[in-house]
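Novice: I'll drop the sequence and a predicted model, then ask my questions.
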Amino acid sequence: MGNDSQALLSVHDLKKSYGSVHAVDGVSFSVPAGTVFTLLGPNGAGKTTTLEILEGIRDADAGEIEMFGSRVRKVTREMKGRMGVLLQEGGFEPYLKVREVLALFASFFERPRPVSEVLAEVSLEDKARAMVRHLSSGQRQRLALGAALINDPDLVFLDEPTTGLDPQARRNIWAIVERLKREGKTIVLTTHYMEEAEALSDDVCIMDHGRIIAYGSPRDLTAQLGQETWIEFDAPDLDPGAWAGLPGEVRRDGATATLKASDLVTALEGLLSWSREQGAPLRNMTVRQPNLEDVFLSLTGRRLRG
Ligand code: ATP
C-alpha cells in the first residue's frame, strides 16, 4: 500500500481478468492530493478497466485500494459523491438541452453546484439552450466534463478525455484540467496521446498488457533515455560507410535518422560539415528532447499509436 500520507488514492497489486485476458495484472500506484496522474498506454493496455474499478463500476479480482484516507472494500455512495467521472462513452439524450443535461446530473446529488457556474467553467454559457445533437464533438466533451464536475468532486476521473477531438478542442479540455488542478482537485486521467500525458501530468504510469512498465514524472521517465538532445532528419540513401562520418551515435528508423548529441553546438557543426561533404541534404531536420513515445518505444519496441 502507498505509504504516502498525502495520497488521496493509492492502489496496490490490483488485478482483473476477463476469462484468460489479464486486463489488469498487478497494478500499484499512488496519487498525491492536488496532482494530475495519468495512465498512458495503447488501446487494450488496461487503463479503462483500472479506472472502472476505482469508480466502483467493476469489481477487482484482487488488490487493495485506499481512497480519501480509507481502505476501500466497496466503493460507497459517499465516495462516489466526492468523485467526478468522465466515461469514455458519454452518450447524452440528443434532444435534451445543455442546461437540462446539467440540471439532470445536478438532481442526482444533495448539494450540487449551480448549473450556471458549471456552464461557465466549461465555456458553454452561449450553448445553454442548444440541444445536445447540435453540439460539436468538442462541445459535447466539455458538457460531459461539466456533468462530471456538477458535484464539486475532490477526485476527478477522466477516461480518454480528448480522443477524437481536433487540436483546438483538445487544448480547451487541457485548459480546464489545468484549472481544476489549480483549484486543488486531484485528477486521474487515461490517454494514448503522449503529448497529453506530457503536458498535463505530475506523474505518469505507462501501461502495456495490464502492467505498469514505467512510472514517474514525465521528466524522470524521459531522463532514463539519457540527457542527449536528439537531432532527427530524413535518412538519405547513402553507402553504409558514409554514416560513420557523423559526429556521434546515429540510429536509423525507416526514413528517419537520429543523431544523439551531448553537446548540441558541436554536433550541429559536425552534422553540417558531414552533410556538405557527403552532398546529403538534411531534409526535415528537427532538434528535440526524447519524449514519452520514445520511452514506450525503447521499452516495448512498439509505438504507442499505430
Ligand atoms: P481502450 O483505450 O481501448 O479502452 P484500455 O487500455 O482502456 O484500452 P481496457 O479497455 O481496460 O484497456 O481493456 C483491457 C483488456 O481487457 C483488453 O484486452 C480488452 O479487450 C479486455 N476487456 C475489456 N473489457 C472487457 C470485457 N467487458 N469483457 C472481456 N474483455 C474485456
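Specialist: Structure received. All figures in this text were calculated on a predicted structure; none of them were measured in a lab. Residues are numbered from 1 along each chain as shown.

Novice: now the spatially closest residue to residue 216 that is not a sequence neighbour, which residues is it bridged with?
Specialist: Leaving aside its sequence neighbours, residue 216 sits nearest to residue 203 (CB to CB, 6 or more residues apart in numbering; 6.6 Å). C-betas here are computed from N, CA, C, even on glycine. Counting by DSSP bridges, residue 203 forms beta bridges with residue 37.

Novice: ok, residue 203 to the ligand distance?
Specialist: 18 Å (CB to the nearest ligand atom, to the nearest Å).

Novice: and residue 72, how far from the ligand?
Specialist: Separation of residue 72 from the ligand (CB to the nearest ligand atom): 19 Å.

Novice: burial of that residue, as a residue count?
Specialist: Neighbour count of residue 72, defined by other CB atoms under 10 Å: 18.

Novice: low-scoring stretches of the stretch 201-306 of the chain, by residue?
Specialist: 306 (pLDDT under 70).

Novice: circling back: so who does the residue nearest to residue 216 touch?
Specialist: Residues counted as contacts of residue 203 (CB atoms under 8 Å, 6 or more residues apart in numbering) are 29, 31, 35, 36, 37, 38, 215, 216, 217.

Novice: and of those residues, the nearest to the ligand?
Specialist: residue 38 (12.2 Å; CB to the nearest ligand atom).

Novice: ok, and the closest non-adjacent residue to that closest one?
Specialist: residue 201 (4.1 Å).

Novice: report how many residues lie close to the closest residue in space to residue 93 that isn't next to it in sequence.
Specialist: For residue 93, ignoring the flanking residues on the chain, the nearest one in space by CB to CB, 6+ apart is residue 132 at 6.6 Å. When neighbours are defined as other CB under 10 Å, residue 132 has 19 of them.

Novice: how about residue 254?
Specialist: 7.

Novice: which non-adjacent residue is nearest it?
Specialist: In space, residue 254 is closest to residue 235, 7.8 Å off (CB to CB, 6+ apart).

Novice: in ChimeraX, select just the buried ones from the contacts of residue 203.
Specialist: Entered in ChimeraX, the line below selects the buried ones among these, by 16 or more other CB atoms under 10 Å:
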select :29,31,35,36,37,38,215
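
Novice: same list (the contacts of residue 203) but as a markdown table, adding distance to residue 119.
Specialist: Converted to a markdown table, those look like this (distance: CB to CB, whole Å):
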| residue | distance to residue 119 |
| --- | --- |
| 29 | 34 |
| 31 | 28 |
| 35 | 27 |
| 36 | 24 |
| 37 | 27 |
| 38 | 27 |
| 215 | 37 |
| 216 | 37 |
| 217 | 34 |
